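Enquirer: Fold the following for me, if possible:
(one chain, ligands or ions: 1)
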Amino acid sequence: MDEQDWAAVVRAAIRAPSIHNTQPWWFTATPDRLELHLDRERALPVLDPTGRQQVISCGVAAEFAAVALRASGVEPTVDLLPDPADPDHLATVHAGPAREVTAEDRALAEAIGRRHTERAPFQPRAVPDELVDRVQADAGRLGVWLKPINESEEEVATVFLISRAEEIERSDPGYVAELQRWLRTDPAAVDGVPVEAVPSEDPATRPSNWLIRDFVVGSRGGHSAFLPEGDATAPPPAVERPTVVLLGTDNDDRTAWLLAGRALGRLLLEATTHGLAASPLTQALDWPATRARMRTRLSLVGHPQMLLRMGYPSTEGAPHSGRRPVAEVLRYSTAG
Ligand SMILES: Cc1cc2nc3c(=O)[nH]c(=O)nc-3n(C[C@H](O)[C@H](O)[C@H](O)COP(=O)(O)O)c2cc1C
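Expert: All right, here's what the predicted structure looks like:
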């Protein structure tokens, strides 16, 4: 593979979602492989002191790199944590033999550019069970379990824990300061969460049981990007009933986090090819206490890694969040 090809693969990899759009990665390319490293300078010490959510984000980037490589006619192999002496060297993607590109390869790679986190309410239309079964099977192949939260008791428990976590976060000045550092008002920003991509109204006022993360705690303006303005006689908006799924792993170490990220990446691309969108609801997993309670309340064997709401988007497109240029995150090495 020449250098140009790796740049294209990295361009796809960095479209991965990442917690607060921190993009906590850098890459090194040699002629036959791409290394993915954790960038500790982009850490979130309050929200993510163990780096769990950032490693998950890097797992998604590894999956997107593999998908891009496959669609370019090259068989990828992904090695996780290949260097025991360097735990921040999270993955190496090897370029293997040439392969025939299938329509599915192309569709998944094409979904990379269209996928985005969709926080607006979804249409009142159910996600087909077959699709949930399919993403569950895909996750299973990576050793990651997927549990739909559809029993009412489980839903009540999960909704409660998310609300509880959100309450803890809103009252934690360290958390709020960190969040504000990653919120962006400049539409040309290359990282962080663009203010146009988050609800301007208090998420607690939305007609949904599922409380999305409040990114503008304490600095909310008057207008709403999500609710129609003005007409007091309009019927109330339909209550959103998204499909909510929990991804989890048997272990809770960097390998497990990377696998959860790969499974998340695969799920998001698969969902995008079917016209669906998603947004993580990870507040309850941010804090050890609420995360542990989720394990007990849902009788989980293993560790919850990612909670996600999925549905059909009600709006066309969404503000794209920025990415740092490839040149800033990719270096080339001649080392064999
Ligand atoms: C591990 C992880 C956790 C996330 N948690 C949340 C969350 O709790 N709430 C939310 O609205 N978005 C969450 N996100 C989505 C990111 O904010 C989003 O990916 C990022 O801003 C880039 O935007 P994009 O996904 O539209 O490209 C999370 C993403 C990852 C990978």
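Enquirer: ok, the residue nearest to residue 313 when sequence neighbours are not counted - contacts?
Expert: Of all residues not flanking residue 313 in the chain, residue 277 sits nearest, at 4.4 Å (CB to CB, 6 or more residues apart in numbering). No exception for glycine: its C-beta is placed from N, CA and C like everyone else's. The contact partners of residue 277, by CB atoms under 8 Å, 6 or more residues apart in numbering, come to 115-118, 122, 271, 310-313, 318.
Enquirer: Quick check, pLDDT for residue 200.
Expert: Listed pLDDT for residue 200 reads 78.
Enquirer: Please apply the same query to residue 240.
Expert: pLDDT, residue 240: 82.
Enquirer: what's the burial count for it?
Expert: 18 (other CB atoms under 10 Å).
Enquirer: list the contacts for the residue found closest to residue 184 once you drop the neighbours it is linked to in the chain?
Expert: Leaving aside its sequence neighbours, residue 184 sits nearest to residue 192 (CB to CB, 6+ apart; 4.0 Å). Residues counted as contacts of residue 192 (CB under 8 Å, 6+ apart) are 20-22, 181-184, 321-322.
Enquirer: which of those residues are close to the ligand?
Expert: 20-21, 321 (CB under 6 Å from any ligand atom).
Enquirer: host element of the residue of the chain most remote from its centre?
Expert: Of all residues in the chain, residue 233 has its C-alpha farthest from the mean position, at 37.6 Å, by CA atoms, centre = their mean. Residue 233 is located outside every helix and strand, with elements delineated by DSSP states H and E.
Enquirer: Around the ligand, which positions in this protein sit nearby?
Expert: 17-21, 53, 56-57, 60, 116-117, 119, 193, 212-213, 279-283, 321.
Enquirer: Can you redo the ones next to the ligand among the contacts of residue 192 as TSV, where the extra columns are secondary structure, neighbour count and distance to residue 244?
Expert: TSV is the format used below for these (DSSP: H, G, I helix; E, B strand; the rest coil; neighbours: other CB atoms under 10 Å; distance: CB to CB, whole Å):
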residue	secondary structure	neighbour count	distance to residue 244
20	helix	23	21
21	helix	22	22
321	coil	21	22
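Enquirer: Tell me the secondary structure of the residue nearest to residue 286 when sequence neighbours are not counted, please.
Expert: Nearest residue to residue 286, sequence neighbours excluded (CB to CB, 6+ apart): residue 47, at 5.6 Å. Under DSSP: H, G, I helix; E, B strand; the rest coil, residue 47 falls in the coil class.
Enquirer: ok now do residue 47, which residues does it touch?
Expert: Contacts for residue 47 (CB under 8 Å, 6+ apart) come out as 19-20, 53, 175, 178-179, 286.
Enquirer: Save the residues you listed as CSV, and put in secondary structure too.
Expert: As requested, the contacts of residue 47 are exported to CSV (three-state DSSP):
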residue, secondary structure
19, helix
20, helix
53, helix
175, helix
178, helix
179, helix
286, helix
